[in-house]
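**Student:** Quick one, structure for this:
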Amino acid sequence: MKRKIICIVLILLALSLVGCREDDIPAYEGSEPERKIQIGLSFDSFVIERWQRDRDVFVYTAEELGAEVNVQNANGVVEKQISQIEYFIDKKMDVIVIIAVDSKAFAEVVDKAKEAGIRIVAYDRLLINSNVDLYISFDNEKVGTLMAQSIKDNVPEGGNIITIFGPTTDHNVQLVEQGYGEVMEDANLNVIYSVNAVNWLAEEAYYAVNEALLKTSQIDGVFCGNDNLATEAVRALSENRMAGSVVVTGQDADLAACQRIVEGTQTMTVYKPVDKLAKAAAEYAVKLAKGETIDVNTTINDGLWDVPYVKLEPIAVDKNNMDEVIIDGGFQKREDVYLNILE
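**Tutor:** Reported below is the predicted structural model:
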């Protein structure tokens, strides 16, 4: 009897398996996960201290808005940056954000990206003749006027100065030089040595100071295009026991520069709120990716086209407003800025 029952069960089981067709399996009705916005972020290099901060704020903001960011570093090589942008094109990025090695070198690859339907943001440095969708930076001409005004106000009439600008491949440098020229047009100062630092190499400032000292032992001011250059200029002055007696300018409010200002070996820096810049750039990039209208009324001419321009204000910082602007604003910590100052 038991054997008959077992046989019947096995037969019924076999029949049930035969009767179970693929059509009878319930279809999965879940939706495919939504594709995230893809942003390619191409950096010139991380030689300048601030770029790492720009990167971190941009990536964090974009991810909070639901985007994914692919960061590439060209290490100052134009060909490498072009190749990385082409990689972004192949990966079908929605937006490519470029901090250019050479402002004049990207028109062709930008055209290629735009043909593929990719939006382009020029970050901090304008791309010449490229008709980008957005340029976002600071008022770089004002950066030059702020630094030049510090030289003019603090160097005595007839004094000797050195000018160390950034590379000619950086369009911002041209704007900084314009701002510098407007202030210095009627200044009674002698430029005894002038150079453009290739690729923003800080060592250029060290060499410039030493070359100027071969001409004269009297140096009253050093106009440095950024704080990294100022670091090496002050090193050269220190080796010649002149640090603290020479006016030195910079920009970016690097920690080392802020320390030198409160210690008295650098006169001023120009603070550019990069957190605000990077956050805004990420927000605009996401809007462009979504096809949303960006409310930008200011434009700048890139040589051929007027492109939308978001312009942020820079701030001159010296020992008098260091606490208010840099420390209270959260850009640097008080204990770090005053690290070498005895309380």
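
**Student:** Could you pull out the helices in the stretch 51-200 of the chain for me?
**Tutor:** Ranges of helices within the stretch 51-200 of the chain are 78-90, 107-115, 140-154, 171-184, based on DSSP state H, counting those that start in this stretch.

**Student:** Can you give me the distance of residue 35 to residue 289?
**Tutor:** Computed as Cβ to Cβ, to the nearest Å, the residue 35 to residue 289 distance reads 11 Å. All C-beta spots, glycine's among them, are computed from the backbone N, C-alpha and C.

**Student:** Of these two, which one has the most company?
**Tutor:** Each of residue 35 and residue 289 has its neighbours counted (other Cβ atoms under 10 Å); residue 289 has more, 21 against 8.

**Student:** what's the closest residue to the more buried one other than its chain neighbours in contact with, if anything?
**Tutor:** Closest residue in space to residue 289, ignoring its immediate chain neighbours: residue 94 at 3.9 Å, by Cβ to Cβ, 6 or more residues apart in numbering. Counting by Cβ atoms under 8 Å, 6 or more residues apart in numbering, residue 94 touches 37, 38, 39, 118, 119, 288, 289.

**Student:** Equivalent analysis for residue 41, please.
**Tutor:** With contact taken as Cβ under 8 Å, 6+ apart, residue 41 is in contact with 55, 58, 59, 69, 70, 71, 72, 96, 97.

**Student:** Buried only: go through the residues you listed for me.
**Tutor:** Among the contacts of residue 41, those classed as buried by neighbour count (16 or more other Cβ atoms under 10 Å) are 55, 58, 59, 69, 70, 72, 96, 97.

**Student:** quick one: the strands in the protein?
**Tutor:** Under the criterion DSSP state E, strands of the chain are mapped to 37-43, 67-73, 95-98, 119-123, 134-138, 160-165, 190-196, 221-224, 247-248, 269-271, 299-301, 306-312, 315-317.

**Student:** what about residue 306, neighbour count?
**Tutor:** 11.

**Student:** Might one say that it is in contact with residue 299?
**Tutor:** Yes - distance between residue 306 and residue 299: 4.1 Å, which falls inside the contact criterion (Cβ atoms under 8 Å).

**Student:** And for the residue nearest to residue 281 when sequence neighbours are not counted, the neighbour number?
**Tutor:** Excluding its sequence neighbours, the residue lying closest to residue 281 (Cβ to Cβ, 6+ apart) is residue 136, at 5.0 Å. Other residues within reach of residue 136, judged by other Cβ under 10 Å, total 23.

**Student:** quick revisit: any chance of TSV for the buried ones among the contacts of residue 41, columns distance to residue 162 and pLDDT?
**Tutor:** As requested, the buried ones among the contacts of residue 41 are exported to TSV (distance: Cβ to Cβ, whole Å; pLDDT from 0 to 100):
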residue	distance to residue 162	pLDDT
55	32	96
58	34	97
59	38	97
69	40	97
70	41	97
72	35	96
96	38	98
97	35	98
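
**Student:** Redo these as a markdown table? Include distance to residue 272.
**Tutor:** Shown next, in a markdown table, are the buried ones among the contacts of residue 41 (distance: Cβ to Cβ, whole Å):
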| residue | distance to residue 272 |
| --- | --- |
| 55 | 15 |
| 58 | 15 |
| 59 | 19 |
| 69 | 21 |
| 70 | 25 |
| 72 | 23 |
| 96 | 23 |
| 97 | 17 |
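
**Student:** quick one: which of those residues is nearest residue 164?
**Tutor:** For the buried ones among the contacts of residue 41, the minimum distance to residue 164 (Cβ to Cβ) is 25.8 Å, reached by residue 55.

**Student:** I'd say that closest one and residue 43 touch.
**Tutor:** Yes - between residue 55 and residue 43 there is a contact at 6.8 Å, judged by Cβ under 8 Å.

**Student:** center of this protein, which residue is that?
**Tutor:** If you average the C-alpha coordinates of the chain and look for the closest C-alpha using Cα atoms, centre = their mean, you land on residue 51, 4.7 Å from that point.

**Student:** Identify the residue nearest that one in space, chain neighbours excluded?
**Tutor:** With sequence-adjacent residues excluded and distances taken as Cβ to Cβ, 6+ apart, residue 51 is closest to residue 43, at 5.8 Å.
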